[in-house]
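Asker: How does the following fold in three dimensions:
(one chain, ligands or ions: 10)
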Amino acid sequence: MLKTVVQLAVLLGCTVFVNSLATAQDGPGCLDCHAIDDEPHISEVFQGAHANLNGGGAAVCTSCHGASEAHDRRGRKNPPDISFGPKWLSDPALQNASCLACHDKTAGKMLWLGSAHEQENIVCADCHSSHERRDPALDPQLSNDQCLACHIQQKAQIRLPSRHPIAEGKTACVDCHNPHGTTTEADLHQVTLNDNCYSCHEEKRGPLLWEHEPVTEDCSTCHRPHGSVNDRLLTVRGPALCQQCHSAAFHPSVPYGAQGLPGGNSNRNLLGKNCLNCHSQVHGSNHPSGARLTR
Ligand code: HEC
Ligand code: HEC
Ligand code: HEC
Ligand code: HEC
Ligand code: HEC
Ligand code: HEC
Ligand code: HEC
Ligand code: HEC
Ligand code: HEC
Ligand code: HEC
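Answerer: Ligands and ions are numbered 1, 2, ... in the order given. Sure thing, here's the model as predicted:
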């Protein structure tokens, strides 16, 4: 019963109960100096997922910042064992080891070591704020903002005329990427880039009677993942897109005129769609006579 009351008090951030809990313990008295009333931001840790680590109270603090005995005795004279800043910033590997002590087995985290972010000395605390009631990284919108603070190129790409609706809040960076690392290129959740696309564009998966080789091979041959100046996220505007692989000489991108010369039809919609006007099934066809991707 007493334990329940204490836990409840901790959850509610009740000063008296938490302070007495801290002093009642043998361990360090972090909360003597970092008092809940004086540092309300710091004590928000008692309202989040980590509220009861190691039984609660000051033991919560030491589970991430280390026992910090020297600091505990002298306060500002000595640093805590592990600090995430702002004053005594610990080595990135040490900071991350603190979190990984508990989170190395959590789904996805086992791939952290060796990941692009780990290699670049990014720390868990660049994205995670343990002293906020609700970790902002767990909110897709807020986490997009975090990613974009470092990824300037993508920040520009998601504003291009054709784009995945990331800025619009319909898709998030973490829908496609695992920031903790994966075994795949570009930290994609899926094994291949095409599998990533199929996870939302299922209709493109097939199997199709008539496949178009580059489509089954790699969607990114023709599409950019984040944004493009060309319609439909295309890498290149047509007919140049198609003519990267199909000889321009062999047949023109526009209909023939009465004289058998190109450009006979002046319908601008027809011209605008170029190759696609006839080869509309560019992703493949299930029509019995769709071998040329025309239907
Ligand atoms: C004797 C008072 C005192 C005690 C006890 C104390 N601290 Fe501190 N702590 C301070 C002061 C003062 C600062 C601010 C130092 C500064 O900014 O000059 C500080 C700063 C910190 C920081 C910020 C470090 C940084 O790099 O900015 C952390 C983390 C911290 N303490 C954790 C703890 C933990 C964990 C405990 C318990 C093990 C603890 N403190 C016990 C006085 C104390
Ligand atoms: C889950 C891990 C974790 C726990 C538990 C934890 N901290 Fe922290 N602490 C951090 C991280 C990470 C930061 C870096 C700033 C941030 O993420 O909000 C930090 C920052 C701090 C700072 C510096 C804040 C600033 O902005 O000046 C102090 C002081 C501090 N912690 C003290 C404590 C005390 C006291 C406790 C116990 C009540 C505690 N921490 C519990 C992870 C933790
Ligand atoms: C002493 C063990 C321990 C340490 C150290 C620790 N955590 Fe946790 N963490 C937990 C537990 C327990 C939970 C809640 C259960 C769960 O979701 O796995 C949790 C949950 C979380 C969550 C999910 C939060 C939510 O609201 O659902 C995040 C994110 C997280 N921790 C990040 C961190 C980061 C970043 C650090 C280092 C600064 C850290 N943890 C250090 C034990 C720990
Ligand atoms: C580049 C930003 C970033 C970094 C760095 C990062 N995380 Fe995360 N983390 C996120 C985001 C975004 C989420 C929520 C979406 C998700 O689960 O992928 C998350 C979710 C989590 C969760 C809760 C969900 C789960 O999978 O259980 C834990 C725990 C966690 N991270 C721990 C860590 C630890 C430990 C580190 C450092 C080794 C770390 N993270 C580094 C962005 C990051
Ligand atoms: C503190 C800065 C920082 C933050 C925040 C950050 N990144 Fe990164 N990220 C980097 C750096 C540095 C690299 C390595 C250089 C590069 O590829 O740009 C990188 C690399 C990557 C890569 C390429 C991985 C590879 O294998 O090539 C992806 C994907 C990525 N980050 C996604 C994300 C996502 C998603 C988020 C938000 C959840 C995020 N990043 C947040 C700094 C950051
Ligand atoms: C619809 C899925 C999707 C979304 C959403 C997405 N990405 Fe990507 N991202 C990819 C794919 C696919 C690649 C690999 C591109 C390639 O190899 O051609 C990639 C590559 C990257 C890279 C590696 C560098 C590069 O351009 O090759 C970074 C960094 C990156 N993305 C960051 C982000 C950030 C930040 C966000 C959120 C603003 C984000 N991505 C949203 C699919 C996505
Ligand atoms: C997380 C889900 C998701 C993933 C994964 C995804 N997409 Fe999308 N895609 C969307 C959404 C949502 C739209 C917008 C649809 C709309 O507005 O009707 C979209 C639109 C598109 C468009 C049309 C853009 C335009 O300007 O009309 C193209 C092309 C596209 N995606 C290609 C891809 C490719 C290639 C991949 C793999 C690299 C991919 N998508 C992965 C969700 C996803
Ligand atoms: C050979 C080039 C090429 C490849 C490879 C390719 N696409 Fe496309 N895709 C196009 C063209 C061209 C358009 C525009 C069609 C139009 O305007 O009628 C398009 C349009 C789209 C659209 C938006 C319109 C629609 O059909 O829904 C989506 C989504 C899309 N592609 C997804 C994918 C996916 C997923 C892959 C990989 C499986 C892929 N594409 C591979 C050329 C390609
Ligand atoms: C990355 C190279 C590449 C690009 C870009 C590309 N294709 Fe293809 N295309 C191929 C390959 C490879 C084949 C299979 C050729 C074969 O089987 O002889 C093919 C087959 C075709 C076929 C069927 C021809 C046949 O003989 O079966 C048509 C039609 C076609 N492509 C039209 C297009 C159009 C239209 C575009 C532009 C939207 C385009 N292709 C872009 C590589 C490409
Ligand atoms: C006016 C309609 C039309 C336009 C525009 C058009 N095609 Fe075709 N294309 C066809 C027809 C019809 C065939 C089938 C011819 C046959 O089977 O003998 C064909 C056949 C093909 C083939 C298969 C060639 C082969 O060996 O049989 C390819 C590849 C191809 N087109 C690519 C393109 C490309 C690339 C463009 C744009 C530069 C384009 N086409 C524009 C109507 C068109």
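Asker: need the helices for the stretch 101-250 of the chain, in chain order.
Answerer: 116-119, 124-127, 140-150, 152-157, 173-176, 193-198, 213-217, 240-243 (DSSP state H, counting those that start in this stretch).
Asker: Tell me how far the residue most central in space within the chain lies from ligand 7.
Answerer: For the chain, the residue whose C-alpha lies nearest the mean C-alpha position (C-alpha atoms, centre = their mean) is residue 174; its distance is 2.9 Å. Separation of residue 174 from ligand 7 (C-beta to the nearest ligand atom, to the nearest Å) stands at 10 Å. Every residue, glycine included, has its C-beta placed from N, CA and C.
Asker: Quick one: residues contacting that residue.
Answerer: Applying C-beta atoms under 8 Å, 6 or more residues apart in numbering, we find residue 174 in contact with 140, 143.
Asker: Show the pLDDT at it.
Answerer: Looking at residue 174, its pLDDT reads 97.
Asker: For ligand 9, see how far away it is.
Answerer: Counting by C-beta to the nearest ligand atom, the gap from residue 174 to ligand 9 is 30 Å.
Asker: that older thread, with respect to ligand 4, which of the helices of the stretch 101-250 of the chain lies nearest?
Answerer: helix 124-127 (2.9 Å; C-beta to the nearest ligand atom).
Asker: ok now the closest one, how far from the chain's centre?
Answerer: In terms of C-alpha atoms, centre = their mean, to the nearest Å, the centre of helix 124-127 is set 13 Å apart from its chain centre.
Asker: That one near ligand 5 anywhere?
Answerer: Yes. Applying C-beta under 6 Å from any ligand atom, one finds helix 124-127 touching ligand 5 at 126-127.
Asker: hey, C-alpha coordinates of that helix in CSV?
Answerer: Coordinates of each C-alpha in helix 124-127 appear next as CSV, following Å, rounded to 0.1, in the frame of the first residue of the first chain:
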residue,chain,number,x,y,z
CYS,A,124,20.6,8.9,-28.9
ALA,A,125,20.1,12.3,-27.2
ASP,A,126,20.3,14.1,-30.5
CYS,A,127,16.8,12.8,-31.2
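Asker: still on that earlier bit, and of the helices of the stretch 101-250 of the chain, who's closest to residue 42?
Answerer: helix 124-127 (14.1 Å; C-beta to C-beta).
Asker: Can you name the residue of the stretch 151-295 of the chain nearest to ligand 3?
Answerer: residue 180 (10.4 Å).
Asker: related to what we said a few turns ago, which of the helices of the stretch 101-250 of the chain has the lowest mean pLDDT?
Answerer: Looking at these, the weakest mean confidence is helix 240-243, a mean of 91.
Asker: so residue 43, which of the three states?
Answerer: Per DSSP: H, G, I helix; E, B strand; the rest coil, the local secondary structure of residue 43 is helix.
Asker: Look up how far ligand 7 lies from residue 58.
Answerer: Distance from residue 58 to ligand 7, by C-beta to the nearest ligand atom: 43 Å.
Asker: My read is that that residue contacts residue 35, right?
Answerer: No. Residue 58 is beyond contact range of residue 35, at 11.4 Å (criterion: C-beta atoms under 8 Å).
Asker: More neighbours: which of the two?
Answerer: residue 58 (25 against 16; other C-beta atoms under 10 Å).
Asker: give me the low-pLDDT residue ranges for this structure?
Answerer: 1-28, 107-109, 250-273 (pLDDT under 70).
Asker: Tell me where it has strands.
Answerer: 162-163, 227-228 (DSSP state E).
Asker: Tell me the strands beside the last one, with direction?
Answerer: Read it as strand 227-228. strand 162-163 (antiparallel) (DSSP bridges).
Asker: Quick one: distance of the partner strand to the chain centre.
Answerer: That offset, for strand 162-163, works out to 18 Å (C-alpha atoms, centre = their mean).
Asker: is it up against ligand 8 anywhere?
Answerer: No. Strand 162-163 is not in contact with ligand 8 by C-beta under 6 Å from any ligand atom; minimum separation 9.6 Å.
Asker: Give me the contacts around that strand.
Answerer: So strand 162-163 is contacted by 157, 226-234 (C-beta under 8 Å, 6+ apart).
Asker: again, only this time at 10 Å
Answerer: With contacts defined as C-beta atoms under 10 Å, 6 or more residues apart in numbering, strand 162-163 is touched by 157, 171, 223-234.
Asker: would a markdown table of the residues you listed with distance to ligand 5 be doable?
Answerer: Output for these, formatted as a markdown table (distance: C-beta to the nearest ligand atom, whole Å):
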| residue | distance to ligand 5 |
| --- | --- |
| 157 | 13 |
| 171 | 12 |
| 223 | 17 |
| 224 | 14 |
| 225 | 10 |
| 226 | 10 |
| 227 | 15 |
| 228 | 18 |
| 229 | 21 |
| 230 | 22 |
| 231 | 25 |
| 232 | 22 |
| 233 | 17 |
| 234 | 21 |
